[in-house]
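[1] coords please:
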Amino acid sequence: EHKESLKQGDKILIYTDGFTEAMNDNEEMFGRERIINILKDNISDAGKLLNELPQKIEEFVNGAEQSDDLTFLLIQVI
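    Predicted coordinates for the structure are as follows:
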């Protein structure tokens, strides 16, 4: 259990394991580090993040067949 105080502008990203486990043709997983880098690059713009995350996954898998869902929820404190 953990409690955290959020302030205006803070964001919470919740995602399914389909994001970290998305694989390209080389059987390389997208992984947590790529998600963290996308967050760092788009931390100030929630709208851009909503578009950027699925786009980066799509570019990474490059048409490779996936076996899991890709679901995420982005919450921003206003």
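
[2] mind listing residues that contact the helix ranked longest in the chain?
    For the chain, the helix reaching the highest residue count under DSSP state H is reported as helix 46-61. Residues from elsewhere that reach helix 46-61, judged by C-beta atoms under 8 Å, 6 or more residues apart in numbering: 11, 13, 15, 19, 22-24, 30, 34-35, 38-39, 41-43, 70, 72, 74, 76. (Each C-beta comes from the backbone N, C-alpha and C, glycine too.)

[3] among these, which are in helices?
    Taking DSSP H, the ones among these that sit in helices are 19, 34-35, 38-39, 41-42.

[4] of those residues, buried ones?
    Buried subset of those (neighbour count, 16 or more other C-beta atoms under 10 Å): 19, 34-35, 38, 42.

[5] correct me, but Phe72 touches Thr16?
    Yes: assessed by C-beta atoms under 8 Å, Phe72 is found in contact with Thr16 at 7.1 Å.
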